[in-house]
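Asker: Need the 3D shape of this:
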Amino acid sequence: MDCLWLTLADPDPAINGQLIYSRGLIETVHQAGANLCIVGLSTPQESPPRRDESGLLWRLTTLKKTSRLQRLMAGKPEIAMRSYSQEAAAVLARSLAERDWDAVVFDSLCAGWALDAVVKHRTRSARPPKLVYIAHNHEMTVARRIARASRGLRRVVREVDAFKVARLERRLVAQCDLVTSNTPEDCRTFAGGADGTPVAFLPPGYGGRRVAARTIGPNVPRRVVVVGSFDWPPKRIAIESFLGVAAPMLAEAGIELQIVGAIEPDYLAELRRRHPSVTFVGPVEDVHPYMAAARIALVPDLLGGFKLKGLDYVFNRIPILAMRIALPGMPLVEGRSIGLFDSHQALAKGVVELIDDFASLNRRQAAAFDACAARFDWQRIGQHLLAHIGRARSEPAYEDDRSSSTPSIPVPATAER
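Answerer: Here you go, the predicted structure:
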């Protein structure tokens, strides 16, 4: 099978969940027998073309920065404009024309900038390719929650962008022959608006370290850890809300709260100023020593969507306390292999109650490991995706030419000013 794979960026190094998911799917679909040509952004450290001895073909373009006004006036949402440029459009056109592709894959809504060109190509093709949308989130839901959490003029901007996200995501689902999603909840949401388009569950795999055994005892510091990247607005909203409530509670209880992961330097300095009792480590090359030196891992996220850091926690045998919405798609049972909470205050209180209960901590980390041990195999997931693509039927959806143009964007009447 020949696949043209449109993604955000070169996923090596895979420094966040989106890139880890993309890299795992690209590599395992290729290993399952597909020929892939990948179009996306190059990383700042490399110069295209990227060399790859595995047989993957990379066509990477350079990032073109745009002003806030340009992004606001664009017909596509910000998430779909990150990897767009005239250079990217030219690379796409050349790639579409060079052969009869069996499938064109939109790897997240970030690749949605290419939809119009791909649809036009398909309508003119004697052997139209199948179109596949690999959703990383139900982006319409994410965009609306970001907008609701914003204030003032920023909320107006976010609501306009949410309108664009909703329009593009609906068009992608309508035009594609297969949609995949990485959580059961998002699968049900997509299926409700897919008008018969098949929606497949496609969780991520795990290829990292698996700790054979671990015992948490008094020798492990009274420390809890949050691992992740914090440059995405929903992550910042969640961590700020959590710190505002949890930092003083944990400090009073003598519990160290440690935040590990990529944070923009100015934002990191501001967080350190506002929360002096919290240890902000920043980005590190290896997170495993930080998990090994903590008794509990936290997931204070306020959005659903699969969290790959949840698998890191499980396979490094650190018990998890999380917001109830935060870890869909993982086979963990509340009270047995995970603790789930409805508010950040309750989450912080749960930490205080559990931090010295070594029997419960060890029982939970062992149960979580056992529940996940036979799942999340990348090779099998890649084979499943290729099989789903093979079964999908290429049925170009009719779309009036007017739907490809940029309609006027109303300013939401409910927006705060």
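Asker: quick one: the helices in the stretch 1-150 of the chain?
Answerer: 17-31, 68-73, 78-81, 86-98, 115-124, 139-149 (DSSP state H, counting those that start in this stretch).
Asker: With mean neighbour count and mean pLDDT added, can I get the ones you listed in JSON lines?
Answerer: C-betas here are computed from N, CA, C, even on glycine. Converted to JSON lines, those look like this (neighbours: other CB atoms under 10 Å; pLDDT from 0 to 100):
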{"stretch": "helix 17-31", "mean neighbour count": "22", "mean pLDDT": "94"}
{"stretch": "helix 68-73", "mean neighbour count": "12", "mean pLDDT": "82"}
{"stretch": "helix 78-81", "mean neighbour count": "22", "mean pLDDT": "93"}
{"stretch": "helix 86-98", "mean neighbour count": "15", "mean pLDDT": "96"}
{"stretch": "helix 115-124", "mean neighbour count": "17", "mean pLDDT": "97"}
{"stretch": "helix 139-149", "mean neighbour count": "20", "mean pLDDT": "90"}
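Asker: now the ones you listed in a markdown table, with distance to Leu4?
Answerer: Shown next, in a markdown table, are the helices of the stretch 1-150 of the chain (distance: least, CB to CB, whole Å):
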| stretch | distance to Leu4 |
| --- | --- |
| helix 17-31 | 12 |
| helix 68-73 | 26 |
| helix 78-81 | 17 |
| helix 86-98 | 6 |
| helix 115-124 | 8 |
| helix 139-149 | 22 |
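Asker: and Val211, which of those helices is closest to it?
Answerer: helix 17-31 (18.9 Å; CB to CB).
Asker: which residues sit against the closest one?
Answerer: 3, 5, 7-9, 11-14, 36, 38, 54-56, 107-108, 134, 136, 182, 202, 204-205, 207, 229, 306-309, 378-379, 381-383, 385-386 (CB atoms under 8 Å, 6 or more residues apart in numbering).
Asker: Now do it: distance to the chain's middle.
Answerer: Remark: helix 17-31 is offset 12 Å from the chain centroid, using CA atoms, centre = their mean, to the nearest Å.
Asker: CA atoms of it as PDB?
Answerer: Extracted as PDB, the C-alpha positions of helix 17-31 are listed here (Å, rounded to 0.1, in the frame of the first residue of the first chain):
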ATOM      1  CA  GLY A  17       2.400  13.200  23.200                       C
ATOM      2  CA  GLN A  18       1.400  14.300  19.700                       C
ATOM      3  CA  LEU A  19       4.800  13.500  18.200                       C
ATOM      4  CA  ILE A  20       5.100  10.200  20.100                       C
ATOM      5  CA  TYR A  21       1.700   9.100  18.700                       C
ATOM      6  CA  SER A  22       2.700  10.200  15.200                       C
ATOM      7  CA  ARG A  23       6.100   8.500  15.200                       C
ATOM      8  CA  GLY A  24       4.700   5.300  16.600                       C
ATOM      9  CA  LEU A  25       2.000   5.100  13.900                       C
ATOM     10  CA  ILE A  26       4.400   6.100  11.000                       C
ATOM     11  CA  GLU A  27       7.000   3.500  12.000                       C
ATOM     12  CA  THR A  28       4.600   0.600  12.700                       C
ATOM     13  CA  VAL A  29       2.500   1.200   9.600                       C
ATOM     14  CA  HIS A  30       5.700   1.100   7.500                       C
ATOM     15  CA  GLN A  31       6.900  -2.000   9.300                       C
END
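Asker: just to revisit the earlier point, show me the one of the helices of the stretch 1-150 of the chain that comes nearest Glu285.
Answerer: For these, proximity to Glu285 was assessed by CB to CB; helix 17-31 is nearest, at 15.5 Å.
Asker: ok so, going back, so which of the helices of the stretch 1-150 of the chain gets nearest Glu159?
Answerer: Using CB to CB as the measure, helix 139-149 is the one of the helices of the stretch 1-150 of the chain that comes nearest Glu159, at 4.5 Å.
Asker: hmm, who's touching the closest one?
Answerer: Outside helix 139-149, the residues that reach it (CB under 8 Å, 6+ apart) are 77, 79, 109, 155, 158-159, 161-162, 165-166, 169-170, 189, 233-234, 237, 302-305.
Asker: now do stretch 375-387
Answerer: For stretch 375-387, the external contacting residues (CB under 8 Å, 6+ apart) are 1, 24-25, 27-34, 134, 180, 200, 202-207, 311, 331.
Asker: what does stretch 102-112 give?
Answerer: So stretch 102-112 is in contact with 1-8, 18, 22, 25-26, 40, 76-77, 79-80, 82-83, 96, 114-115, 118, 122, 129-136, 139, 165, 168-169, 172, 176, 389, going by CB under 8 Å, 6+ apart.
Asker: Quick one: mean pLDDT over that stretch.
Answerer: Regarding stretch 102-112, the rounded mean pLDDT is 97.
Asker: In that stretch, which residues are buried?
Answerer: 102-112 (16 or more other CB atoms under 10 Å).
Asker: So for that stretch, first residue to last residue, what's the gap.
Answerer: 19 Å (CA to CA, to the nearest Å).
Asker: Many thanks, we can stop here.
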